[in-house]
Every structure is written in C-alpha cells, then in structure tokens.
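# predicted structure and sequence below. I'll ask about it afterward.
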Amino acid sequence: MTPTLVFTNASVLTMDPDAPRATAVAICGDRITAVGTDAEIAAMAGPETSRIDAKGRTLLPGFVESHVHLFMGGYNETVIRADRVSGFEALRAEVEAYSAAHPDLTLLLGQGADYAILGAGRQLDRQVLDEICPDRPLAIMAYDFHTAWANTAALEAAGLLQGCDLPRGNAVVMGADGKATGELHEKLAILPVLELRNLGGRESLGMSGIEPPVPPTQKERAEDRETLKVGLRHAARHGITSMHNMDGNRYMLEVLREIEDEGALISRLRVPFHLTAEMDLSELDRASAMTRDFTGDILCSGFVKIFLDGVIASGTAAMLDPYANRPDHWGDMLFTREDFIAAAVEIDKRGMQIAIHAIGDAAVRLALEGYEAAAQANGPRDRRHRIEHVEMLHPDDLGRFAELGVIASMQPPHAPLRADETTVGIGPDRAGMAYAWRTIADTGAVVAFSSDWPIVPISPLAGIQAAMTRQNWVAGLPDQRLTLHEVLAAYTCNGAYVGFAEGLTGTIRTGMKADLALLSADIENTAIDRIGGMEVDLTLFDGRVTHER
C-alpha cells in the first residue's frame, strides 16, 4: 500500500519497547503502515506521497493529556486573566480595562489568581476587591478553582454577605464583623456567585455533574462549540492528540459530537459523568447511559469523576495528620466513608472506570479503600481505576497502587518550588511523600502525567521539564526526578493505557492510529532546562495535520 505521507530523517522515539527507535515512518490515511529506516520507508513512497524531512527532529506519539478541563480552558481565554498579573495595581488595571470593554456583563470574572497575587502580607478579600471595583459584581478565581474571592456587590447579589450554611468541605469564610470576608471555598460556596453571569456558565456545569437547567438556544450551542474549538486548537498546538476530560455531562458530549460531525474534533476525548456527594446513586443511570451512547474511537465516555477533597493551599485537602501551619485543622472529606465506598462499589459494578480527585493523604487512603472494596465486591476485571493528583501520600499506602492496579494520575507542574507555597501546610516531617512520582513509579505502579489545564499551562514539554528538574524545598528529601524516557512514557503510552486506548495510540508502530507530534529539535540532545522552551512543529491527528508551526 502506497503511503499518503512519510517522515524521514527523524529521531523517532516510538515508546514501543520491542522497537524503541527508528528514523522514518510511513502513514496511509489514518494509520501508521510502517516504521523503519530512511531507505526502507523512502522505497515505499510513490509520486503522490507527501514527504516530510524531519532534519533530525524528534518524532513522538501524540501526547496524551490525562487530566484536563477543556471547556473551562477554552472559556478561560475570554475572562480577566488574573494569572498574568501580580500586585494590587496590576490587578486593578486588568479589572478596569476588562470592565470598560464589557459594560453589559452582570459579573466580572477573573481566573488564574495565585493565592499570593497581592504579595507578602496582603490577602485578597472583599475590601480589596471593593477598592478595585466598588459598583459592579466582581469575582476572582484562584488558579486551582477551589477558592474564589468576591467583592461586596457580588456577595450581596448572590445572597452570601451574611454567610450561608453549606455541606462539609464547602465554606463562606466569615469575618469578625459577622459578614463574609469574600473568600469562598469549594464549589457550593462559589456557584451562587458564578450564577450571577449573563454570559457563559455552561462550561462549569460538568464540575457539578448537572445539565443546563434550561435547554441552550441554538446561538448558545454555537457559542459553546466555538469555545470548545478554542480549547481543541490550543491543545493541538502543543502536540496533544488525546485528552481525558475531568468534568463532564451529557450536554458537553452532545456538543462535542456536533463538532465531530463537522469534522472539527481534532483530539480523542474521554468525557466523564461527575458524581457529587449530594447525588443519589440512582444518578449513575445517567453515567451508564453516557457510557452506552458514546463509544467511538474519537469521542467516548465510560468513566465517573469524584472529588473526595479540596487542595492544600486553601486547607481543604483531607489530611491524616493536622496541617503543619494549622495544628487544629485536618481538612474535610467531601464524602462520608460509607457513602464513598458505596459509590465506588456501584460504579465498579456497572463496569465503568473511576477517577478520584484525592490530594491529601487521608483522601488518597479512602480512594484506595474504595477501590479495594469494589474489587472484593465485584470480582476480578480490568479496571484501571485512577487517583488524580496524589499530592500527599502516607508511606503505608505506597505499595497499594501497584497491588490494586490503580493508576497515579499526576501533574509535574503542580509541585511547589518554594517553601512558602503549599508546602507550608505539609511541613518538613512528611514532605518526603509529597508529589512523590518517582517513589510511586519505583513500586511498579503506572504513572500518567498531565497539566490539569487551565490550572496550569497545558504544555507537555513544560511538564516534561518539570518532572526532570524537580527540586526539593527541604534538604534531604528523596529525589523525585524521572528520566526523559520515563517522563515521555507518562505523557504517551501510559496515558493511552489509562484511557484503554493502547491499541490505538500512545506508541508508534504498524497498525496504530497516525497520532504524532514532531518537535522543533532533538529532545534527547536538548538541555533539560531548555525542554520547556521547545516547540511542537507539527501535530498529526488521525492522519490529519491539526497544527503546523
């Protein structure tokens, strides 16, 4: 069969242990048809074959983004970019410019703020935001989406200024004056403010596992298609050809199917059902229906996402021992143990994969207990259940990942570089088991890497550098750095395995889908501290060019 496209003169890292290296690849349509030497592949080409001389650049399987929020990432490009500013004056200038450009918005919304955006000694609260914007509702989301800060106008409009009783793990922080400080912890505290919006809003419904309360108009569906396309194009620019979304509902799947019908779905996408603590387990009928109705090679469902806790930075991650900086505080679990175990057993019984957000070591332990209970109740099968983030781990639980076949889905750019970041809550005594991807991988457990975009930039190359250059914030901690090929596996073949797609993508070998990323240089001969600055010159998805620099 004559190839439609050939790559020659490449440094091909196939991620196939049986044939790890090559210099040339042949493609026919959407499949890889041969992998070998320049001479072997060139001899297969015909007069109609397109030819790419890689000039020694690295050719890899397309990156697998194993933990991403595509809809929110696309929407994030349209709001106040708090991730780009530092200091009060810079934040005020950004808000004022956005406010002037958007006079009709009922809520001014910013995203991506560092917890220390104002610098040392000053925290965001409603008084600060009132100085910046006294007359229009304003809310700024933290980069991790687990905390928001609202001004007085927003708190009043949302009915939160006098506080609000909320389920465990969610909080409207109150001040000494009996009024809300403006700091809001977790989804149920933040949603009343977000509901003030007159633009968008559907991009965040998947975080709650709910459908749009009013069927979107054709215009709104078109807006959402364009928002998702922004995210898809952004991912393609970074060599990403597969994504595991970490929030979802049926509406998102339907809009993505419309994009697929247009021929514009340029990445493989897995979209979960999001189960929350407030839901009855009968809601899993919706998850089963999504799994049944979306089964394609490009777009599918098949898994359930659960939040067990929050994040270390806001003190909402659930810990086995008190926070180092708050000796009377352990964080909160969003589920009771009994409810979570029941949910894990029921989801597993239905044959679906489970992905659990668990950051604190107490949450990680409960996740593992849930998976063990599911296996005992439902018998052996190929589960590939996952724990997302695993930022803290108790040594007693280290071996359970490999024993239970649980995947550690981790994000190298999340590891703090300074002792005054989230490490203040961890403390030096247990820091050795924080962000411990090398320690986990050495047990034989599967580790998959990702970004959690838009929490941090989506770039796999930046993540590769972060995983290879990890510096400890406390002297004497275990070295968590991984080798280049270990990290590449975590972004390619391991990610494909986690998504049950190892027969389609994640390696470069005959018969696999033509999902490829051509880098701007030879990554093996690039200084480690320069890998994050490399570019992706070409992304090929299903045999189609989806990005060309």
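Arrived safely, thanks for sending.
# burial check on residue 260, number of neighbours?
Residue 260 has 15 neighbouring residues, counting by other CB atoms under 10 Å. Any C-beta I mention is one placed from the backbone N, CA and C, and that applies to glycine too.
# that one and residue 267, how far apart?
10 Å (CB to CB, to the nearest Å).
# one more: residue 254?
From residue 254 across to residue 267, the span is 17 Å (CB to CB).
# looking at those two, which is more packed in?
residue 267 (26 against 15).
# and that one, how far from residue 541?
Counting by CB to CB, the gap from residue 267 to residue 541 is 6 Å.
# ok, residue 426 next?
For residue 426, the distance to residue 541 - CB to CB - is 39 Å.
# then residue 25?
15 Å.
# need the overlap of contacts for residue 260 and residue 267.
Residues touching both residue 260 and residue 267 (CB atoms under 8 Å, 6 or more residues apart in numbering) are residue 298.
# so which residues of the stretch 51-200 of the chain form strands?
Assigned by DSSP state E, counting those that start in this stretch, the strands in the stretch 51-200 of the chain fall at 58-61, 63-68, 80-81, 108-113, 138-142, 147-150, 171-174, 180-185.
# burial count for the closest residue to residue 87 other than its chain neighbours?
Nearest non-adjacent residue to residue 87, counting by CB to CB, 6 or more residues apart in numbering: residue 119, 6.0 Å away. The local packing of residue 119 (other CB under 10 Å) involves 10 other residues.
# go on, residue 294?
Other residues lying near residue 294 total 19 when counted by other CB under 10 Å.
# cool, residue 302 as well?
20.
# that one - nearest residue in space that isn't next to it in sequence?
Per CB to CB, 6+ apart, closest to residue 302 is residue 291, 4.8 Å.
# next one: phi and psi at residue 484?
When read as degrees, to the nearest 10, the backbone of residue 484 gives phi -60, psi -50.
# mind listing what it touches?
Neighbours of residue 484 in contact, by CB under 8 Å, 6+ apart: 464, 468, 523-524, 528.
# the residues you listed, buried ones only, as a PyMOL selection?
The following PyMOL line selects those of these that are buried, judged by 16 or more other CB atoms under 10 Å:
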select buried, resi 464+468+523
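# so of the contacts of residue 484, which ones are in helices?
Among the contacts of residue 484, the members falling in helices (DSSP state H) are 464, 468.
# helices and strands of the chain: which one has the lowest mean pLDDT?
Taking mean pLDDT, DSSP states H and E as the measure, the helix or strand of the chain with the lowest value is helix 423-426, at a mean of 84.
# can you show me the strands along the stretch 301-450 of the chain?
303-307, 353-358, 386-389, 407-410, 447-449.
# and these as JSON lines, adding mean pLDDT?
Formatted as JSON lines, these follow (pLDDT from 0 to 100):
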{"stretch": "strand 303-307", "mean pLDDT": "97"}
{"stretch": "strand 353-358", "mean pLDDT": "98"}
{"stretch": "strand 386-389", "mean pLDDT": "98"}
{"stretch": "strand 407-410", "mean pLDDT": "98"}
{"stretch": "strand 447-449", "mean pLDDT": "98"}
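# okay, those strands in CSV with distance to residue 370 and mean neighbour count next?
Output for these, formatted as CSV (distance: least, CB to CB, whole Å; neighbours: other CB atoms under 10 Å):
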stretch, distance to residue 370, mean neighbour count
strand 303-307, 9, 26
strand 353-358, 7, 26
strand 386-389, 10, 26
strand 407-410, 14, 26
strand 447-449, 19, 28
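# as TSV, the ones you listed with distance to residue 127 would be great.
Listed next are those as TSV, based on distance: least, CB to CB, whole Å:
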stretch	distance to residue 127
strand 303-307	30
strand 353-358	32
strand 386-389	32
strand 407-410	37
strand 447-449	40
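# of those strands, which is nearest residue 160?
Residue 160 sits nearest to strand 303-307 of all the strands of the stretch 301-450 of the chain, at 21.1 Å, using CB to CB.
# okay, the angle between the closest one and strand 353-358?
For strand 303-307 against strand 353-358, the angle by axes from the mean of the first three to the mean of the last three CA atoms, to 10 degrees is 10 degrees.
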